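K.L.:
Turn this into a model:
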Amino acid sequence: MRLVIARCSVDYAGRLSAHLPLATRLLMVKGDGSLLVHSDGGSYKPLNWMSPPCTLASIEPDDDQQAAGVVEVWKVTHQKTADQLVVSIHEVLHDTAHELGVDPGLVKDGVEAHLQQLLAEQIELLGEGHRLVRREYMTAIGPVDILATDASGASVAVELKRRGDIDGVEQLTRYLELMNRDPRLAPVKGVFAAQEIKPQARTLAEDRGIRCVVLDYDAMRGIEGGHARLF
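P.N.:
Next up, the predicted model:
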């Protein structure tokens, strides 16, 4: 992983266009080829990014760019969509690289991991016609608990929690933003599933078009008296 702190501006061109004006930012180049652009705020959500498969090319700035103070240009191109993320670097303040090795992945606590397994086996709890694609679908910013399709064949990303709060909704929102950039998956619907969902989290999810599903752990394990409710 390469970490570069630089004064830069960033432009995204593709299905969506976006511009980040000149500022000091962290550029994170991961081993899978993805590039994430971070500021000092916004928690762990990047300001912009390019997910794999993509290629990064460092090119010399043209005369106009040099006159504007640009010393290096990074052009990151998605191999399937041809979307581009262009980073115009004015000054490099720090540049370092580290070999992180193979990550073992997130280890969930017992109940949450079991919920994921049970819902994967009982995917019809999300609605008639739903089918499992895979558990732990990897994105550039982490794994989505479950990727499924609905009766129409549309992609569905599911985030699972024991207790659903606002942080879980924000996490799913980030996954959806990223996954909806992938033409192989888009459009991607979101489902926030938990044993209990706090009212504030439900309100935020519904405002963002995310469906909430309350799961009964006992019912899914086959214990008498349990039930699942869809909202």
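K.L.:
which helices and strands does the strand ranked longest in the chain pack with?
P.N.:
The longest strand of the chain (DSSP state E) is strand 84-97. On a contact count with 3 or more Cβ pairs under 8 Å, 6 or more residues apart in numbering; DSSP states H and E, strand 84-97 meets strand 2-13, strand 18-29, strand 35-38, strand 48-50, strand 72-78. C-betas here are computed from N, CA, C, even on glycine.
K.L.:
For residue 191, find the nearest of those.
P.N.:
The closest of those to residue 191 is strand 48-50. By Cβ to Cβ, the value is 23.3 Å.
K.L.:
Please name the strands paired to that closest one in the sheet, noting orientation.
P.N.:
strand 35-38 (antiparallel) (DSSP bridges).
K.L.:
Helices along the chain, start to end?
P.N.:
63-67, 110-121, 166-179, 199-207, 217-220 (DSSP state H).
K.L.:
For residue 1, which of the ones you listed is the nearest?
P.N.:
That would be helix 166-179 among the helices of the chain, by Cβ to Cβ, at 18.2 Å.
K.L.:
Please work out which residues outside stretch 123-136 touch it.
P.N.:
Here stretch 123-136 makes contact (Cβ atoms under 8 Å, 6 or more residues apart in numbering) with 105, 116-117, 119-120, 143-152, 155-156, 158, 191, 193, 213, 215, 220, 228, 230.
K.L.:
picking up where we left off before, just tell me which of the helices and strands packed on strand 84-97 ends up closest to residue 175.
P.N.:
strand 48-50 (12.4 Å).
K.L.:
Run a quick neighbour tally on residue 199.
P.N.:
Here the number of neighbours of residue 199 (other Cβ atoms under 10 Å) works out to 7.
K.L.:
which residues sit in contact with it?
P.N.:
Residue 199 touches nothing, counting by Cβ under 8 Å, 6+ apart.
K.L.:
got it, and the one 10 residues further on?
P.N.:
Neighbour list for residue 209: 189, 190 [criterion: Cβ under 8 Å, 6+ apart].
K.L.:
thinking again about what came up before, what's the angle from the longest strand of the chain to strand 18-29?
P.N.:
Taking axes from the mean of the first three to the mean of the last three Cα atoms, to 10 degrees, one finds strand 84-97 and strand 18-29 inclined to each other by 30 degrees.
K.L.:
sorry, back to before: just the buried ones out of the contacts of stretch 123-136, please.
P.N.:
Taking 16 or more other Cβ atoms under 10 Å as the criterion, what is buried in the contacts of stretch 123-136 is 116, 119-120, 144-150, 155-156, 158, 191, 193, 213, 215, 220, 228.
K.L.:
ok, back up a step: which one, of the helices of the chain, ends up nearest to residue 93?
P.N.:
Among these, the nearest to residue 93 by Cβ to Cβ is helix 63-67 (19.2 Å).
K.L.:
Flag every buried residue along the closest one.
P.N.:
residue 65.
K.L.:
ditto for stretch 218-225
P.N.:
Buried residues in stretch 218-225 (16+ other Cβ under 10 Å): 219, 220.
K.L.:
Tell me where the model's unsure across this structure.
P.N.:
105-110, 224-231 (pLDDT under 70).
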